[in-house]
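Novice: sequence-free structure coming up:
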């Protein structure tokens, strides 16, 4: 007689929680998912003024460009195949993955080391023909033959003494996904598999662990929610995104909540500017990701500003992750301040002026048609950064394999929605670690990096930032 699968409580109904829940439920686990937001209401997975969660968003980049981290490249292409299967299941007009391509813009007229490593790994995997270098004549001819030449875009990059040349690579396998719709789709699949959802204020809010025993016999036997109810479980999986460190103090030194800046620009009605609607459609315009094109010519060091093709509603989203802002608070039970998401009710639309300036320069350079339009909406989107940008997916020591962490997306998790839970399940089931799951292990021995070493005295804290005013948002560019 087969043994019953463990009863699992998953705290967090975002990408990490849902993907994990789906693969465990497929394998017969008894799953209950908790979340503070009432995603099971008529509103579903939609942005609202109190949702800073990264999983709830209009669109996120799909890319497989990971430099020398070939394990993430391979995982991305595995996920891509399932996104396409989901597209077929959803049907025309309801796709969850858009193959717009992505133009990776360099800060100079030469490929940087990250790009060289990416192309080397693409070549190793037999995928070089999917990549098109802007100044490579053979690549340009191949792009013309394959219908991608119109997305090999050229721009005029400002510099202190005029204009400078730049290099770019078009990835025809990249594009973007719809994370909110993807979450809703997974939630629907989970309902059909018999998973239970407990969501909303009070009843879905994690309050504390239920712990049994002490010392070496200590175990987590469930959770208590804010309404006072106790929920038993054989295994508790914390998939809480940016709230992870504040809910599980043990991990507060190896990951932290950081905020990216997001703006959207609303195009005028289609009948007024049909050529603009056509230009920025996903059929004609790629995702663009590039460096902050600083007018002084100074390289900011990372490709961290990006823009999407327009949505069906005529919205164009631009994101800024050059600076990842922190929000340190002192919480009861912690010996030091930690960075946490903004509390519900706190304004999450007031962006730091440095982000707005960077976005304006980016728009003026790469999306000049939008420069005169107002910024229609702003948002701080909270991610969970780890010390090395690899996720934290492992049992937390000291609880006899009853407490499991599934978090640390570090701004690149959404693209893996369809496949992430498959590998989380392998870790839950203690299968031998692969190169991939080794990077996700509990790793407190790593030195602090990726900004976590700064702490509350660092320059990125939100309380140190000049905030943009409504007047600053009147124009999307300079």
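Specialist: Received the coordinates, thanks. The structure presented is a predicted model; accordingly, all values stated were derived computationally and were not measured. Numbering: from 1, shown residues only.
Novice: use CA for all of it now, contacts and neighbours both
Specialist: Noted.
Novice: who's in contact with the nearest residue to residue 420 once chain neighbours are set aside?
Specialist: With CA to CA, 6 or more residues apart in numbering as the criterion, residue 420 has its nearest non-adjacent residue at 6.1 Å, and that residue is residue 19. Residues near residue 19 by CA atoms under 8 Å, 6 or more residues apart in numbering: 186, 417-422.
Novice: Quick check: residue 196 vs residue 370, distance?
Specialist: According to CA to CA, to the nearest Å, residue 196 and residue 370 sit 45 Å apart.
Novice: Over to residue 380?
Specialist: From residue 380 to residue 370 the distance is 21 Å (CA to CA).
Novice: any idea where the strands of the stretch 151-300 of the chain begin and end?
Specialist: Assigned by DSSP state E, counting those that start in this stretch, the strands in the stretch 151-300 of the chain fall at 157-159, 162-164, 168-171, 175-177, 196-199, 206-212, 219-225, 230-232, 235-238, 255-266, 287-290.
Novice: so where is the stretch 51-200 of the chain shaky, pLDDT-wise?
Specialist: Judged by pLDDT under 70, the stretch 51-200 of the chain has its weakly predicted residues at 51-52, 158-164.
Novice: Does residue 222 touch residue 233 like I think?
Specialist: Yes. With contacts defined as CA atoms under 8 Å, residue 222 counts as touching residue 233 at a distance of 4.5 Å.
Novice: Mind listing the shared neighbours of these two?
Specialist: Listed as contacting both residue 222 and residue 233 by CA under 8 Å, 6+ apart are residue 9.
Novice: got a list of what residue 168 touches?
Specialist: Residues in contact with residue 168 (CA under 8 Å, 6+ apart) are 103-106, 111, 133-135.
Novice: Do me a favour and get the end-to-end distance for stretch 33-40?
Specialist: End-to-end distance of stretch 33-40 (CA to CA): 11 Å.
Novice: And stretch 264-275, by the same measure?
Specialist: End-to-end for stretch 264-275, by CA to CA: 19 Å.
Novice: Identify the residues contacting residue 262.
Specialist: Residue 262 neighbours (CA under 8 Å, 6+ apart): 317-320, 378-381.
Novice: give me that answer again for 10 Å
Specialist: Counting by CA atoms under 10 Å, 6 or more residues apart in numbering, residue 262 makes contact with 305-307, 317-321, 349, 351, 355-356, 359, 377-381.
Novice: likewise residue 30?
Specialist: By CA under 10 Å, 6+ apart, the contact set of residue 30 is 4-9, 21, 24, 193-196, 233-234.
Novice: So which of those residues wins on neighbours?
Specialist: Top of the contacts of residue 30 by neighbour number is residue 21, holding 30 neighbours under the definition other CA atoms under 10 Å.
Novice: In contact with it, which residues?
Specialist: Contacts of residue 21 by CA under 10 Å, 6+ apart are 8-10, 13, 15, 27, 29-33, 186-187, 190, 195, 237, 421-422, 424-425.
Novice: Restricted to strands, list the residues you listed.
Specialist: Counting by DSSP state E, the contacts of residue 21 place 8-10, 30-33, 237 in strands.
Novice: how about those, which pair is most distant?
Specialist: 30 and 237 (12.7 Å; CA to CA).
Novice: and the nearest residue to residue 266 once chain neighbours are set aside, what are its phi and psi?
Specialist: Distance criterion CA to CA, 6+ apart; nearest residue to residue 266, sequence neighbours excluded, is residue 315 at 4.7 Å. Backbone torsions of residue 315, given as degrees, to the nearest 10, read phi -100, psi 140.
Novice: so residue 216 sits right up against residue 398, yeah?
Specialist: Yes. Using CA atoms under 10 Å, residue 216 is in contact with residue 398, at 7.0 Å.
Novice: rewinding a little: residue 380 and residue 370: which is more packed in?
Specialist: residue 380 (26 against 20).
Novice: Look up which helix or strand the more buried one falls in, please.
Specialist: In this structure, residue 380 sits in strand 375-386 according to DSSP states H and E.
Novice: ok now the helix or strand just after that strand, how far from the chain's centre?
Specialist: Using DSSP H and E, the helix or strand that follows strand 375-386 in sequence is strand 392-395. Computed by CA atoms, centre = their mean, to the nearest Å, the chain-centroid distance of strand 392-395 equals 18 Å.
Novice: circling back to that earlier point, next, show the common contact partners of residue 30 and residue 237.
Specialist: Taking CA under 10 Å, 6+ apart as the criterion, residue 30 and residue 237 both touch 8-9, 21.
Novice: ok, which stretches of the stretch 251-400 of the chain are helices?
Specialist: If DSSP state H, counting those that start in this stretch is used as the criterion, the helices of the stretch 251-400 of the chain fall at 274-279, 353-366.
Novice: Most tightly packed of these?
Specialist: When those are scored by mean count of other CA atoms under 10 Å, the highest mean neighbour count falls to helix 353-366 (a mean of 22).
Novice: Quick one: residues contacting residue 183.
Specialist: 13-19, 39, 44-45, 55-56, 189, 414, 417-418.
Novice: Could you rerun that using 8 Å?
Specialist: Residues in contact with residue 183 (CA under 8 Å, 6+ apart) are 14-15, 18, 45, 55.
Novice: and the two most separated of those?
Specialist: Across the contacts of residue 183, the longest distance by CA to CA is 12.2 Å; it joins 18 and 45.
Novice: From residue 27, how far out is residue 431?
Specialist: For residue 431 relative to residue 27 (CA to CA), the value is 15 Å.
Novice: With residue 4 instead?
Specialist: 11 Å.
Novice: on that earlier part again, weed out the non-buried ones from the contacts of residue 21.
Specialist: Among the contacts of residue 21, those buried by neighbour count (16 or more other CA atoms under 10 Å) are 8-10, 13, 15, 29-33, 186-187, 190, 195, 237, 421, 424-425.
Novice: which other helices and strands contact the helix ranked longest in the chain?
Specialist: Identified as the longest helix of the chain according to DSSP state H is helix 70-90. If contacts are counted by 3 or more CA pairs under 8 Å, 6 or more residues apart in numbering; DSSP states H and E, helix 70-90 sits against strand 97-98, helix 435-439.
Novice: again, only using 6 Å
Specialist: The helices and strands touching helix 70-90, judged by 3 or more CA pairs under 6 Å, 6 or more residues apart in numbering; DSSP states H and E, number zero.
Novice: what's the distance between it and the middle of its chain?
Specialist: Chain-centre distance of helix 70-90: 16 Å, with CA atoms, centre = their mean.
Novice: what comes up buried for that helix?
Specialist: Of all the residues in helix 70-90, those buried under the rule 16+ other CA under 10 Å are 70, 72-80, 82-87.
Novice: before we move on, back to that, confidence score at the residue nearest to residue 266?
Specialist: For residue 315, the pLDDT comes out at 96.
Novice: and residue 390, what does it touch?
Specialist: Under the criterion of CA atoms under 6 Å, 6 or more residues apart in numbering, residue 390 has no neighbours.
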